[in-house]
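>>> my questions concern the predicted model and sequence given below.
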There are 2 protein chains.
Amino acid sequence: MHPLAERVLQHEVRAAARAMRLIDDRTPDAAALLKDLFPHTGKASIIGVTGNPGAGKSTLVDRLIEIYRKEGKRVGVIAVDPSSPYTGGAILGDRIRMQRHATDEGVFIRSVATRGHMGGLSRSARDLVRVLDAFGCDVVLVETVGVGQDELEITRTAHTTLVVMAPGMGDEVQAIKAGLMEVADVFAVNKADKDGADATVRDLELMIALGSDVMIAVGKQRGHTVHGKTAGLKSSFETNDERWTPPIQKCVSTRNEGVADLTTLLAKHRVWVETTEAGKARKHARLGEELRDSLREALIEAATSALEKELEEAVAAVERHEVDPYTATERLIDQFRAGITSRS
Amino acid sequence: MHPLAERVLQHEVRAAARAMRLIDDRTPDAAALLKDLFPHTGKASIIGVTGNPGAGKSTLVDRLIEIYRKEGKRVGVIAVDPSSPYTGGAILGDRIRMQRHATDEGVFIRSVATRGHMGGLSRSARDLVRVLDAFGCDVVLVETVGVGQDELEITRTAHTTLVVMAPGMGDEVQAIKAGLMEVADVFAVNKADKDGADATVRDLELMIALGSDVMIAVGKQRGHTVHGKTAGLKSSFETNDERWTPPIQKCVSTRNEGVADLTTLLAKHRVWVETTEAGKARKHARLGEELRDSLREALIEAATSALEKELEEAVAAVERHEVDPYTATERLIDQFRAGITSRS
């Protein structure tokens, strides 16, 4: 066993931090480590927290940590920061977030920059979650901003995805556009002491009942505000063994109202995932997605390192218009599969 | 030669439209078509137009079309629409955009939905641009919303990227966060009749001079507003053979002010790309990126179709905790390279 793996399993904070840095750097060592940690994963509840900027996600996450800590749970947080895909640096660091938990040994917070690597962000998030899981976290919160494809992909690494909204920000329509409706398992209408909270709840109920395609059309017709009655539609809201219907919870994170009820709903969803056939099928499908993702990543790495010289020759040939890029690509793949490459 | 390719080269509008649909559907036929069209590409000026929503991109593009048409140029437009990655539908269609050019045979407008395919969006955009290039367009405008990784990637398919901003929207800081500073070749400060236009220009000058990393720090310290003097920094603004420094043009699209000057700057940048060593190196690098991208895509397609059965078995094995996902991936790649797959 990897020496670092052993120390992670013994709950050593510094070992967990070091393991995460290895994963960031994607050394071959990191793969060895993850292989050793994998058999010890699967215990943590993984909760994705997403929503538009300004919905109050960070404050809510802070409150969730508080509640889980009071229950004696060990909590991990992966905060995926919005940042330039070209500079690769995280704008918000660990230090300025959730400072009051910084000295609590039962809370492990890690920021991740949204680098420019294709598909790499959700792989990194998934691997970091596994470290925290093996490290002994009972709950792992993965916080992302609900904009962009990459961030949405990350929600698929969680058992349960919490979408946070605030009233009066046009979040409902934004949420549809961003694809948040499709990934939400639980909705939090945060800042519920503000005007428009009930309208936001009604809108969400209506959208859940009707499905988002319909609502895009309705929303556009009404100038991007979606208000409607949900009477008579209640039957579509029921969760059963075949289908989970996202519940909506109002809360005021700053005053710690409604957050405890939220944790109850999150726990209920986890039970649904683990106990129903539909929930298990979802888990199976997501594992399939993970393997497909990692196959993609690993293939690309293997091919680009094996074909380095051939690629450069192909670029030059296309530049001289001797060959088109489509034919050049086909030839590169044949070379890779046949093993006729500069490296092999 | 593909019969459709012949008709595209003879400037048949319906053939171009049909070719683009083939590319959307990614049939094997589309690859054959693109191979035939490639030798006839390379003439069009490809201009990416990006910026945050609300900066007035569509109106500006409309004005640019007008100017290029007056110069007797044939114009193509690829409009990449924001849409849900999960529903895959375009929210804005061709019909509601730039309607006044709809009956002009010298203008070809095509909307593209931002589908959920990894890396697929920029590949599609690049291929559609090639069709318009072979079709005889002198200028191809590729309009994207400057949010998200995929949209940024698309700018790399252009010779010249125009970043559109509006004053007083905090666009400068947004632009840094979104990575727009790194991709901009020319800046348009649109809606320049509004308050704050000069401040936006100064901010941009300062950001260009200092580089975006520095400005992120400064911006944060000042609560996300970046104002500063640029005196003494002018030396960093010069464009020379080694380096292109993005010029900034104020304009008011709605009144058609400053847009002609913008086309002059865009043309100047194209000349820089074509004539300087640094410009040529950039073109070469981007062609390399394209080949790497298409190698990735094609590899993934080849592997996932060859390994269908093996993947399903691997998922089941990981689910039973018989093997970890990292080892499972390595085995799949070995199978693909050795040709031991269910399909081959």
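Nice, I can see it.

>>> what angle sits between the longest helix along chain A and helix B:277-306?
Of all segments of type helix in chain A, defined using DSSP state H, the longest is helix A:277-306. For helix A:277-306 against helix B:277-306, the angle by axes from the mean of the first three to the mean of the last three Cα atoms, to 10 degrees is 130 degrees.

>>> how about helix A:277-306: buried residues?
In terms of neighbour count (16 or more other Cβ atoms under 10 Å in any protein chain shown), helix A:277-306 has its buried residues at A:279, A:282, A:286-288, A:290-300, A:302-304, A:306. Yep, even glycine has a C-beta here, placed from its N, CA and C like the rest.

>>> which strands and helices sit next to that helix?
Helix A:277-306 sits against helix A:120-134, helix A:259-275, helix A:325-338, helix B:277-306, helix B:308-319, helix B:325-338, with contacts defined as 3 or more Cβ pairs under 8 Å, 6 or more residues apart in numbering or on different chains; DSSP states H and E.

>>> give me whichever of these is most buried.
Comparing these by mean neighbour count (mean count of other Cβ atoms under 10 Å in any protein chain shown), helix A:120-134 ranks first with a mean of 24.

>>> output the below-cut-off pLDDT ranges for chain A.
Flagging of chain A using pLDDT under 70 yields the residue ranges A:81-103, A:114-120, A:146-150, A:170-178, A:211-237, A:340-344.

>>> what does stretch A:161-171 contact?
The contact list for stretch A:161-171 (Cβ atoms under 8 Å, 6 or more residues apart in numbering or on different chains) reads A:47-52, A:54-57, A:60, A:146, A:155, A:172, A:175, A:180, A:183-192, A:194-197, A:199-200, A:204, A:224-225, A:246, A:262, A:266.

>>> at 7 Å what do you get?
A:47-52, A:54-57, A:60, A:146, A:155, A:175, A:180, A:183-191, A:194-197, A:199-200, A:224, A:266 (Cβ atoms under 7 Å, 6 or more residues apart in numbering or on different chains).

>>> distance between it and the chain's centre?
17 Å (Cα atoms, centre = their mean, to the nearest Å).

>>> inside strands: which ones of the contacts of stretch A:161-171?
Those of those mapping onto strands are A:47, A:48, A:49, A:50, A:186, A:187, A:188, A:189, per DSSP state E.

>>> now those residues in TSV, please, with extra columns for distance to residue B:166 and neighbour count.
Shown next, in TSV, are the ones in strands among the contacts of stretch A:161-171 (distance: Cβ to Cβ, whole Å; neighbours: other Cβ atoms under 10 Å in any protein chain shown):
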residue	distance to residue B:166	neighbour count
A:47	38	27
A:48	34	29
A:49	32	28
A:50	28	27
A:186	37	22
A:187	33	28
A:188	33	31
A:189	31	28
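
>>> any chance of the helices and strands packed on helix A:277-306 in CSV, with distance to residue B:77 too?
Shown next, in CSV, are these (distance: least, Cβ to Cβ, whole Å):
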stretch, distance to residue B:77
helix A:120-134, 31
helix A:259-275, 45
helix A:325-338, 23
helix B:277-306, 21
helix B:308-319, 39
helix B:325-338, 40
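
>>> hmm, residue A:134 is touching residue A:39, no?
No - between residue A:134 and residue A:39 there is no contact, the gap being 8.7 Å when judged by Cβ atoms under 7 Å.

>>> what is the nearest of the ones in strands among the contacts of stretch A:161-171 to residue B:273?
Within the ones in strands among the contacts of stretch A:161-171, distances to residue B:273 taken as Cβ to Cβ reach their minimum at residue A:50, with 39.4 Å.

>>> give the bridge partners for the closest one, please.
Counting by DSSP bridges, residue A:50 forms beta bridges with residue A:163.

>>> so who does it touch?
Per Cβ under 7 Å, 6+ apart, neighbours of residue A:50: A:144, A:146, A:151, A:155, A:161, A:163, A:180.

>>> gap between it and residue A:39?
Distance, residue A:50 to residue A:39, by Cβ to Cβ, to the nearest Å: 30 Å.

>>> tell me how far the closest residue to chain B within the stretch 201-344 of chain A lies from residue B:40.
Per Cβ to the nearest Cβ, residue A:324 is where the stretch 201-344 of chain A lies closest to chain B, at 3.7 Å. Separation of residue A:324 from residue B:40 (Cβ to Cβ) stands at 11 Å.

>>> with residue A:305 instead?
Noted for residue A:305: a distance of 34 Å to residue B:40, by Cβ to Cβ.

>>> kindly report the same for residue A:154.
Distance of residue A:154 to residue B:40, computed by Cβ to Cβ: 42 Å.

>>> the two: which is more packed in?
Taking other Cβ atoms under 10 Å in any protein chain shown, residue A:154 and residue B:40 do not tie; residue A:154 has more neighbours (27 against 15).

>>> what about the spatially closest residue to residue A:164 that is not a sequence neighbour, how many residues nearby?
Spatially, and ignoring its direct neighbours in sequence, residue A:164 is nearest to residue A:51 (3.6 Å; Cβ to Cβ, 6 or more residues apart in numbering or on different chains). Neighbours of residue A:51 under the rule other Cβ under 10 Å: 29.

>>> related to what we said a few turns ago, the helices and strands packed on helix A:277-306: which one's closest to residue A:64?
helix A:259-275 (6.6 Å).

>>> that closest one and chain B, are they touching?
No - shown here: helix A:259-275 not in contact with chain B (Cβ under 7 Å from any Cβ of the partner chain), separated by at least 13.3 Å.

>>> contacts for that helix, please.
Helix A:259-275 is contacted by residues A:45, A:47, A:60, A:63-64, A:67, A:159-160, A:162, A:185-186, A:188, A:239, A:244, A:247, A:249, A:251, A:253, A:279, A:282-283 when judged by Cβ under 7 Å, 6+ apart.

>>> show me which of those residues are buried.
Among the contacts of helix A:259-275, those classed as buried by 16+ other Cβ under 10 Å are A:45, A:47, A:60, A:63-64, A:67, A:159-160, A:162, A:185-186, A:188, A:244, A:247, A:249, A:251, A:253, A:279, A:282.

>>> list the neighbouring strands of the helix or strand containing residue A:108 plus their orientation.
Assigned by DSSP states H and E, residue A:108 belongs to strand A:107-113. Its sheet considered, strand A:107-113 pairs with strand A:75-81 (parallel) by DSSP bridges.

>>> and the partner strand, C-alpha only, in CSV?
What follows is the C-alpha trace of strand A:75-81 in CSV, where atoms were taken according to Å, rounded to 0.1, in the frame of the first residue of the first chain:
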residue,chain,number,x,y,z
VAL,A,75,-17.2,17.3,7.1
GLY,A,76,-15.2,17.8,3.9
VAL,A,77,-15.7,20.7,1.5
ILE,A,78,-14.5,20.9,-2.1
ALA,A,79,-15.0,24.5,-3.3
VAL,A,80,-14.7,24.8,-7.1
ASP,A,81,-13.9,28.4,-7.8
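
>>> residues contacting it, please?
Here strand A:75-81 makes contact (Cβ under 7 Å, 6+ apart) with A:61, A:65, A:68-69, A:90-92, A:97, A:106-114, A:121, A:125, A:128-129, A:132, A:137, A:139-144, A:151, A:154.

>>> restricted to buried residues, select those in ChimeraX.
Buried residues among the contacts of strand A:75-81 (16+ other Cβ under 10 Å), as a ChimeraX selection:
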select /A:61,65,68,69,90,91,97,106,107,108,109,110,111,112,113,114,121,125,128,129,132,137,139,140,141,142,143,144,151,154
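
>>> hang on, residue A:18 in a helix?
Yes - using DSSP: H, G, I helix; E, B strand; the rest coil, the secondary structure at residue A:18 is a helix.

>>> name the nearest residue to residue A:7, ignoring sequence neighbours.
Nearest in space to residue A:7, with sequence neighbours left out and distances taken as Cβ to Cβ, 6+ apart, is residue A:15 at 3.5 Å.

>>> the one you found contacts residue A:8, doesn't it?
Yes - with contact defined as Cβ under 7 Å, residue A:15 counts as touching residue A:8 (4.9 Å).
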